[in-house]
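In: predicted model follows, preceded by the sequence.
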Amino acid sequence: MKTKLTLNSPLKELQKYTAEMNIERGFSDETVQEKIMLLMEEIGELCKAIRKNATNVKSAQDSKIHRIQDEFADVMLYIMALANKLDIDLTRAIIEKEKENSKRTWR
Ligand SMILES: [Mg+2]
């Protein structure tokens, strides 16, 4: 059954949905190298959206915020697609990394 997203979808489900969409949309054969280059392109688009639209985020128009939001979504989708390609569970990765980070001294 196809994963349905809601505003409360956990990361695990977002990752699963991304895997399904990559198959459905014909992107599942992209290599890790192709996906990481596409991720870098999307990070560039996010930088541009922020540079052009976020000089004063609090008073920015909705359309400007929407452009930034779209690019954040593209970046996240590529991060999840890349993690899927490498069989990495991002929820587990974040939990394990934060466990290590909690033992570190910051500053
Ligand atoms: Mg984009």
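Out: Sure, I can see it.

In: ok, longest helix in this protein?
Out: Assignment by DSSP state H gives helix 62-85 as the longest helix of the chain.

In: now the most centrally placed residue in the chain: closest residue in space that isn't a chain neighbour?
Out: Nearest to the mean C-alpha position of the chain, by Cα atoms, centre = their mean, lies residue 76 at 0.8 Å. Closest residue to residue 76 apart from its sequence neighbours, by Cβ to Cβ, 6 or more residues apart in numbering: residue 14 at 7.7 Å. Using the backbone N, CA and C atoms, a C-beta is placed for each residue, glycine as well.

In: kindly report the same for residue 80.
Out: Per Cβ to Cβ, 6+ apart, closest to residue 80 is residue 18, 4.1 Å.

In: give me the distance between the residue nearest to residue 76 and residue 21.
Out: Going from residue 14 to residue 21 by Cβ to Cβ, to the nearest Å gives 10 Å.

In: picking that back up, for the residue nearest to residue 76, give me its contacts.
Out: 5, 76, 80 (Cβ atoms under 8 Å, 6 or more residues apart in numbering).

In: show me where the chain has its strands.
Out: Assigned by DSSP state E, the chain shows no strands.

In: the ion contacts on that one?
Out: 42, 45, 74 (Cβ under 5 Å from the ion).

In: in a markdown table: those residues, plus distance to residue 102.
Out: Supplementary listing: those in a markdown table, determined by distance: Cβ to Cβ, whole Å:
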| residue | distance to residue 102 |
| --- | --- |
| 42 | 30 |
| 45 | 33 |
| 74 | 31 |
